[in-house]
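Q: I need the structure of the sequence given here:
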Amino acid sequence: MSPTGMTSFDEVYTLPDPRGYFTRLAPYAYQTPAHARPVFRALAAELGPDRPALLDLCCSYGINAALVNHDVTLDELYAHYTAPEAARLDTAALIDRDRRFYAARRRPDAVPAIGIDASRPAVEYAVAAGLLDEGHAVDLETAEPGERLRRSAARVGLITVTGGTSFLTERTFGRLLTAVGRPVPVAAFVLRTHDFRAVAGCLEAYGLTVERADGTSPQRRFTDPEEQRRAVAAVTALGEDPAGKETAGWFHTRLHLARPAARADQAATPAPTVTGR
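A: Alright, predicted model coming up:
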C-alpha cells in the first residue's frame with residue numbers, strides 16, 4: 001500500500017517498456033487518460049502558432065502524449081500492448097514497432113511534448129518511441145530542476161497531469177512554474193480522495209485562476225474492499241459525497257483547471273463527464 005492509502009503499482013513504472021503497465025492496470029480499467037484526452041487536446045489547440053510545448057508531469061511511458069498527438073484511443077493502447085505479438089518482442093523490437101505505430105497515427109495538429117517523471121526507464125521509452133520530444137527523469141519533490149529542464153521549461157505553454165496528483169505537493173508545482181518563468185495553464189485530474197487546496201494555493205500565487213469542474217470521471221476500480229473503504233472515508237472527510245461513485249466501486253477524479261486570469265475569462269474547454277464501464 002502506498003502512503004496515500006491506495007494499492008501501490010510502483011513496480012510497473014520502472015519496467016523498460018509499457019507492456020507491464022497495461023497488463024497490470026487492465027483488470028482495474030484504469031481510464032483517466034481517456035477522459036483527459038479531449039480536455040488536453042482543446043487546451044493544446046489554444047497554444048497558438050508559436051507552438052509552445054505541452055509538458056506532461058508524471059508522464060510515465062508517454063500515455064498522455066500518445067493520446068493527445070495521435071489518432072489512437074486508450075482502449076487501442078491496451079490492446080496494442082497486451083496482444084500476443086507484443087509479448088514475443090524484446091524492448092528494442094517493441095520500440096521499433098511503436099515508432100512505426102505512432103508515426104502512422106500522428107495528428108497534423110500535434111504539439112511538441114515534454115515529459116517529466118521520476119522513472120528513468122519510462123521516460124527513456126517514451127522518448128525512444130517518439131512520443132516525447134524531450135524527457136526528464138527527475139523527482140521535483142526532492143530536487144530542483146536542472147539546467148536542461150530549465151531550458152526546456154521556457155518553451156512550455158501548457159502543463160498536464162493525470163496520474164500523479166496524489167503524490168505531488170505544492171513543492172513540485174512551485175519549482176516547475178518557477179522554471180517556466182510565467183503563468184501557463186495547468187490541467188490536473190485530481191482524485192477525490194486527495195486534498196488539492198495547497199497546490200491550488202500555489203498555482204494562484206503564480207498568477208493562475210483555479211477552477212474545479214462540476215462533474216467527475218472514474219479513474220479505476222478498487223483493488224479490494226479495504227482500498228474502497230479507505231477511499232470512501234477520505235472522500236467523506238473532504239466533504240464530498242461518495243454515493244454512486246466510490247461506493248459503486250470506483251476511484252473518481254475531478255478536473256482542476258488553472259489559467260492566467262485573462263484567459264480564464266475566455267475559456268471554453270469542456271469539462272469531463274461521468275462515465276463508467
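
Q: tell me who's in contact with the residue nearest the centre of the chain.
A: Nearest to the geometric centre of the chain sits Thr162, at 2.7 Å (CA atoms, centre = their mean). If a contact means CB atoms under 8 Å, 6 or more residues apart in numbering, then Thr162 has Thr32, Pro33, Ala36, Cys58, Asn64, Ala188, Phe189, Thr253 as its contacts. C-betas here are computed from N, CA, C, even on glycine.

Q: turn the residues you listed into a markdown table, including pLDDT.
A: Below are those laid out as a markdown table (pLDDT from 0 to 100):
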| residue | pLDDT |
| --- | --- |
| Thr32 | 97 |
| Pro33 | 98 |
| Ala36 | 98 |
| Cys58 | 97 |
| Asn64 | 98 |
| Ala188 | 98 |
| Phe189 | 98 |
| Thr253 | 97 |
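
Q: now tabulate those in a markdown table and tack on secondary structure, neighbour count and distance to His70.
A: Formatted as a markdown table, the contacts of Thr162 follow (DSSP: H, G, I helix; E, B strand; the rest coil; neighbours: other CB atoms under 10 Å; distance: CB to CB, whole Å):
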| residue | secondary structure | neighbour count | distance to His70 |
| --- | --- | --- | --- |
| Thr32 | helix | 22 | 18 |
| Pro33 | helix | 23 | 12 |
| Ala36 | helix | 28 | 14 |
| Cys58 | coil | 24 | 20 |
| Asn64 | helix | 28 | 11 |
| Ala188 | strand | 25 | 22 |
| Phe189 | strand | 28 | 20 |
| Thr253 | strand | 28 | 22 |
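
Q: relative to Glu141, which of these is nearest.
A: Nearest to Glu141 among these is Cys58, at 10.8 Å by CB to CB.

Q: and that closest one, how far from Gly239?
A: Using CB to CB, to the nearest Å, we find Cys58 at a distance of 26 Å from Gly239.

Q: now Thr162
A: Going from Thr162 to Gly239 by CB to CB gives 23 Å.

Q: in the chain, which spans are helices?
A: Assigned by DSSP state H, the chain shows helices spanning 19-25, 32-45, 63-69, 74-82, 84-87, 91-103, 120-128, 147-153, 170-180, 197-205, 225-237, 261-264.

Q: among these, which is the most enclosed?
A: Mean neighbour count (mean count of other CB atoms under 10 Å) peaks for helix 63-69 among the helices of the chain, with a mean of 27.

Q: what packs against that one?
A: Under the contact definition 3 or more CB pairs under 8 Å, 6 or more residues apart in numbering; DSSP states H and E, helix 63-69 sits against helix 32-45, strand 53-57, helix 74-82, strand 113-117.

Q: these: which one's closest to Ser166?
A: That would be, of the helices and strands packed on helix 63-69 and by CB to CB, helix 32-45, which comes in at 11.5 Å.

Q: next, the angle strand 113-117 makes with the closest one.
A: Angle, helix 32-45 to strand 113-117, by axes from the mean of the first three to the mean of the last three CA atoms, to 10 degrees: 140 degrees.

Q: and helix 32-45 with strand 53-57, angle?
A: Counting by the same axes, to 10 degrees, helix 32-45 lies at 150 degrees to strand 53-57.

Q: for helix 32-45, packing partners?
A: Under the contact definition 3+ CB pairs under 8 Å, 6+ apart, helix 32-45 sits against helix 63-69, helix 74-82, strand 156-161, strand 186-191, strand 217-221, strand 250-260.

Q: got the contact list for that helix?
A: Helix 32-45 is contacted by residues 54, 63-64, 67-68, 73-75, 109, 111, 158, 160, 162-163, 185, 187, 189, 217-220, 253, 255, 257, 268-272, 275 when judged by CB under 8 Å, 6+ apart.

Q: quick check on these: which are buried?
A: 54, 63-64, 67-68, 74, 111, 158, 160, 162-163, 185, 187, 189, 217-220, 253, 255, 257, 269, 271-272 (16 or more other CB atoms under 10 Å).
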